[in-house]
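Peer 1: sequence plus the predicted model coming up.
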Amino acid sequence: MALIDVHCAPLLVRYRAGIFSRASLFTLACLLLTCICPLLIAYRSHGLWPRTASYVEQPRVTFRHEVLLMLHLQQSDQFLAWSTFQNLNGMLGDSLRIPLVKANEEDRNRDGKFDVLHFSLEMPLASSEVVLSADLLLTFSYQLHRMATVKLQGMMYASHSSPLPGSELHVNGDLMLTQRQPLPHRGLDVRYDVAVINGSSPFTEAYDIPLIIRAYQERNVTTRLDNSVKVWRVGSEASNSFRIAVLLRYPEQTIVYQPGFWEMMKAGWVQYVSILLPFIWLFTRIKDFVFQNQVLSTIPKHPVKQHHA
Ligand SMILES: *[C@@H]1O[C@H](CO)[C@@H](O)[C@H](O)[C@H]1NC(C)=O
Ligand SMILES: *[C@@H]1O[C@H](CO)[C@@H](O)[C@H](O)[C@H]1NC(C)=O
């Protein structure tokens with residue numbers, strides 16, 4: 001009758017040696033090398049775990065209906081201004097002029113988050129007035145929820161000037177998040193849930209655009225107008241208004257964050273074990289060779305047939 005292998009099992013040979021023998025020291029050294037070499041390799045190649053990670057999220061953005069507008073006229077020291085802040089409007093005197101403003105936000109994919117802002121503003125002009133530059137500042141509430149809950153107030157600043165008198169300024173761009181440091185992976189971050197413009201201040205400094213921007217840029221997490229195209233439409237001498245049209249998208253953002261403890265452990269463990277396996281294999285082969293050939297003297301104990309009592 002032909003025989004086939006129905007099962008195979010290895011026989012375990014025990015090699016015994018004294019605690020302080022050379023064979024024991026050799027085994028200990030192999031064990032340490034097996035564990036430590038993967039660590040060294042992992043550290044040499046960008047560390048064992050990532051310091052930062054990133055994810056993609058569509059932020060929840062809403063326009064706060066706060067506006068600061070400044071139009072410079074051809075007559076060098078003249079300007080027209082308007083804002084949604086009563087304190088500032090009260091200080092503007094003759095330069096204050098009220099425009100017609102329209103704003104609406106649109107949720108294009110119906111996910112409950114706005115995707116785009118349409119903002120337009122029409123400033124009436126006297127026939128002698130010619131606009132050469134425009135500054136516009138809008139503020140936003142900005143929230144992230146997927147990892148940490150981050151609430152902040154951000155802004156968009158658009159400015160354009162031209163030697164040619166304008167009748168329209170079109171701004172088309174994205175509201176992007178800028179991070180100077182990774183965000184936390186959990187918890188609540190309201191460090192920058194602070195008004196960009198202090199509307200309760202009675203001082204002109206609070207509404208000075210360079211000062212607002214200077215204070216704002218100190219923040220580690222901000223929003224700004226990016227990927228923007230501005231079109232300055234040259235007007236005829238007789239145009240009786242200046243129009244600004246803004247189309248601002250709120251795109252998905254790639255958020256950089258600080259991974260939590262378990263996420264770092266998982267990444268570290270996966271990396272460590274995958275480098276460890278070849279070392280275990282290698283050192284097992286080395287020990288097999290050393291002990292089977294009695295390079296270091298040990299007492300081999302071969303398996304004997306088990307007799308049941
Ligand atoms: C805003 O201005 C008022 C008046 O100057 C001041 O009392 C208040 O502390 C300011 N608020 C912030 C958040 O700076
Ligand atoms: C802003 O970032 C800098 C550098 O990362 C850090 O030293 C500072 O503490 C941060 N400020 C706040 C308010 O978190």
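Peer 2: Great, that's in hand. Ligands and ions are numbered 1, 2, ... in the order given.

Peer 1: low-confidence stretches in the chain?
Peer 2: Applying pLDDT under 70 to the chain flags residues 76, 237-238, 305-309.

Peer 1: quick one, helices of it?
Peer 2: Shown for the chain, the helices assigned by DSSP state H span residues 22-44, 86-92, 209-217, 261-292.

Peer 1: would TSV of the ones you listed with distance to ligand 1 and mean neighbour count be doable?
Peer 2: C-beta coordinates here come from the backbone N, C-alpha and C atoms, glycine included. Listed next are these as TSV, based on distance: least, C-beta to the nearest ligand atom, whole Å; neighbours: other C-beta atoms under 10 Å:
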stretch	distance to ligand 1	mean neighbour count
helix 22-44	46	14
helix 86-92	9	15
helix 209-217	9	14
helix 261-292	35	14
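
Peer 1: would a markdown table of these with distance to residue 142 be doable?
Peer 2: Converted to a markdown table, the helices of the chain look like this (distance: least, C-beta to C-beta, whole Å):
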| stretch | distance to residue 142 |
| --- | --- |
| helix 22-44 | 37 |
| helix 86-92 | 23 |
| helix 209-217 | 13 |
| helix 261-292 | 25 |
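
Peer 1: ligand 2 contacts on the stretch 151-300 of the chain?
Peer 2: Residues of the stretch 151-300 of the chain found near ligand 2 (C-beta under 6 Å from any ligand atom) are 180-181, 191, 220.

Peer 1: which two in those are spaced the farthest apart?
Peer 2: 180 and 191 (11.9 Å; C-beta to C-beta).

Peer 1: find the residues that touch each one of those two.
Peer 2: Taking C-beta atoms under 8 Å, 6 or more residues apart in numbering as the criterion, residue 180 and residue 191 both touch 220-221.

Peer 1: specify the beta-bridge partners of the residue nearest the centre of the chain.
Peer 2: In the chain, the residue lying closest to the centroid (C-alpha atoms, centre = their mean) is residue 255, at 2.3 Å. With DSSP bridges as the criterion, residue 255 is bridged to residue 55.

Peer 1: show me what contacts it?
Peer 2: 54-57, 144, 146-147, 177, 179, 183.

Peer 1: now residue 276
Peer 2: Residue 276 neighbours (C-beta under 8 Å, 6+ apart): 34-35, 38.

Peer 1: ok, for residue 106, nearest residue in space, not its chain neighbours?
Peer 2: Spatially, and ignoring its direct neighbours in sequence, residue 106 is nearest to residue 116 (5.0 Å; C-beta to C-beta, 6 or more residues apart in numbering).

Peer 1: quick check: beta-bridge partners of the one you found?
Peer 2: Bridge pairing for residue 116 - DSSP bridges - gives residue 106, residue 249.

Peer 1: same thing with the one 5 residues further on?
Peer 2: For residue 121, the beta-bridge assignment (DSSP bridges) gives partners residue 101, residue 244.

Peer 1: what's the neighbour count on the nearest residue to residue 260 once chain neighbours are set aside?
Peer 2: Take residue 260 and drop its neighbours on the chain: the residue closest to it by C-beta to C-beta, 6+ apart is residue 185, 4.5 Å away. Residue 185: 17 surrounding residues under other C-beta atoms under 10 Å.

Peer 1: okay, stretch 252-259 in CSV with CA atoms only?
Peer 2: Only the C-alpha atoms of stretch 252-259 are listed here, as CSV (Å, rounded to 0.1, in the frame of the first residue of the first chain):
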residue,chain,number,x,y,z
GLU,A,252,-12.9,71.0,1.9
GLN,A,253,-9.7,71.5,4.0
THR,A,254,-6.8,69.3,4.7
ILE,A,255,-6.4,69.7,8.5
VAL,A,256,-3.1,68.8,10.1
TYR,A,257,-3.5,67.5,13.6
GLN,A,258,-1.5,66.0,16.5
PRO,A,259,-2.3,62.2,16.6
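
Peer 1: which bits of the stretch 151-300 of the chain sit near ligand 1?
Peer 2: 198, 200-201.
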